[in-house]
Every structure is written in structure tokens, then in C-alpha cells.
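In: just coords:
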């Protein structure tokens, strides 16, 4: 019998002690995905949820090109996602980030309104 | 003196037709009977997410398969399980084989918080050799 190959996305899990960190680096460029999969970019103080203002963007790849030109590919990218968003939407966004060459990517999930789950270097 | 019978057959040739027939019969036999190895740990009703940047990896029979369907139900080696039971199972793996490869199968519509909960459980048990399976055009 032939053995079939699989496609996988390797995941780098955070240390558990850091998983519930509620404070993020202010240097990170923050994007967000809502339940319908629309992409937003945050502006304002990245250190707190309250300090962020999200503005909808039309194209993540175009926006990332601009980030790459301004700050380089080493820039930390944070992806805040809605709890109920479909996994495919998050993978699509991570795909765009990977194709653009960003490797310092973290995914953060709003957890029970108060806490955040954070995946550092999520790819 | 009798003539050598073989001397008369100067243009002796092997008849290739039966040989070719046999080769084709064998070829058809293998084409019909060969099938792709089925993964018994697989949850059938998952629509795997599509990714353009995932890596192609060879399967590993010792790999642990955890799946989450579109409704958020969790499966351990193909059997439905609760998150509490999963944590108990992972505890055994943490003790016996902490470097074991773990494959996380999700549906494209799996709620992301459920996906993160399972990653959280793996992280809690210090199991870090994790890959998220995505759709393969040839084999899925």
C-alpha cells in the first residue's frame, strides 16, 4: 500500500507561564480578526486593550507590504482573534503573513472578556 | 544422413505477444488492487483547513492524532473525548513519551477558541511537538 503524505503547520507553543500574559509589547503591530473574518489594524497604545482603536483594512497583504517597508520583516506582528472565528480565517491570515516573510508572529485570543491567551511565535 | 532440423529454422524469434499480455495483466492487477493507506485515527467528517504555507511531512504511525470538529467536539485517536479526559490521557504521554509527535486535525469551521484550548492543554502537559494538519490536494 502507498503511504500518503500530509501537510502540516508546525506550531511553537509558548511557555505555559506566559500563556495568560495580559500585557503585550508596545512595538508590536496589532491586527485583529472579527467573527466574520474581517481584518482590522490597531492604532494607539498597544499595551492595553482599552488603549487600542481598531480600523478596518481592505487588504492585509497591502498593509503588510507597507509595514515591511517602514519597519522591516523582523517587526513583531500580533493577531488578536475573536473567540468564535473559524480556524480557516486565522490560517488565511497566517498564510498571508508567512508569504510576506514575517516570522515573528503571535496569535492572541480574547478569553472570557478579561484575559488573553497568547501564542508567541505561533508558526 | 538426416538433415539437422534446426538448420531449417534460421529466423527463430521469441513471440513477444503473450509476454506483453502478461505485463499488462500484472499492471492492471496492481492498479486495481493498490489503495492508499487509510489512517484509522482519522475523523471522517472533518473538512481540513487549506493553507498555502504548510509543509509536506511524511506520516508517522506513532503520531498521536487529536481532532476537533466544526461543533467543537474533541476526538482522541478517533474517539470522542472531553477536554478533562484529554488532559488525563496527555498526562500519561507526558510521563512516557514527552517528545511524541502530535497531529492536530481541525475543521475549517472549528471555533478558534476550541483550537486554542487544545493547544493550551498540550502546552500545560509540556507536549510541544505539535503540527496542525491542513488539506493536501493529492491525498485528502
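Out: Done, it's in. Note that the structure is a prediction, hence the values are computed from the model and not measured.

In: For the lowest-mean-pLDDT helix or strand in chain B, which helices and strands make contact with it?
Out: Least confident helix or strand, chain B: strand B:55-57 with a mean of 87, by mean pLDDT, DSSP states H and E. On a contact count with 3 or more Cβ pairs under 8 Å, 6 or more residues apart in numbering or on different chains; DSSP states H and E, strand B:55-57 meets strand A:6-11. For the C-beta atoms, the positions are set from N, CA and C on the backbone; glycine is no exception.

In: For the helix or strand following the strand it packs on, name the packing helices and strands.
Out: Next in sequence after strand A:6-11, counting helices and strands by DSSP states H and E, comes strand A:29-33. Packing partners of strand A:29-33 (3+ Cβ pairs under 8 Å, 6+ apart): strand A:39-44, helix A:60-71, strand A:77-81, helix A:87-100.

In: do you know which of those lies nearest chain B?
Out: Evaluated with Cβ to the nearest Cβ, the helices and strands packed on strand A:29-33 place helix A:87-100 nearest to chain B, the distance being 3.8 Å.

In: What is that closest one packed up against?
Out: Using 3+ Cβ pairs under 8 Å, 6+ apart, helix A:87-100 sits against strand A:29-33, helix A:60-71, strand A:77-81, strand A:105-111, helix B:112-124.

In: how far off strand A:6-11 does the fourth one point, in degrees?
Out: Spelled out, it's strand A:105-111. 80 degrees (axes from the mean of the first three to the mean of the last three Cα atoms, to 10 degrees).

In: Can you list the strands that strand A:105-111 pairs with?
Out: strand A:77-81 (parallel), strand A:115-119 (antiparallel) (DSSP bridges).

In: where among those is the average confidence lowest?
Out: Here the lowest mean pLDDT among the strands paired with strand A:105-111 goes to strand A:115-119, at a mean of 44.

In: I would like the residues contacting the helix or strand that comes right after the least confident helix or strand of chain B, please.
Out: Remark: after strand B:55-57, the chain's next helix or strand is strand B:64-68, criterion DSSP H and E. Outside strand B:64-68, the residues that touch it by Cβ atoms under 8 Å, 6 or more residues apart in numbering or on different chains are B:39, B:41-43, B:46, B:74-78, B:86, B:93, B:100-107, B:110, B:114-115, B:118.
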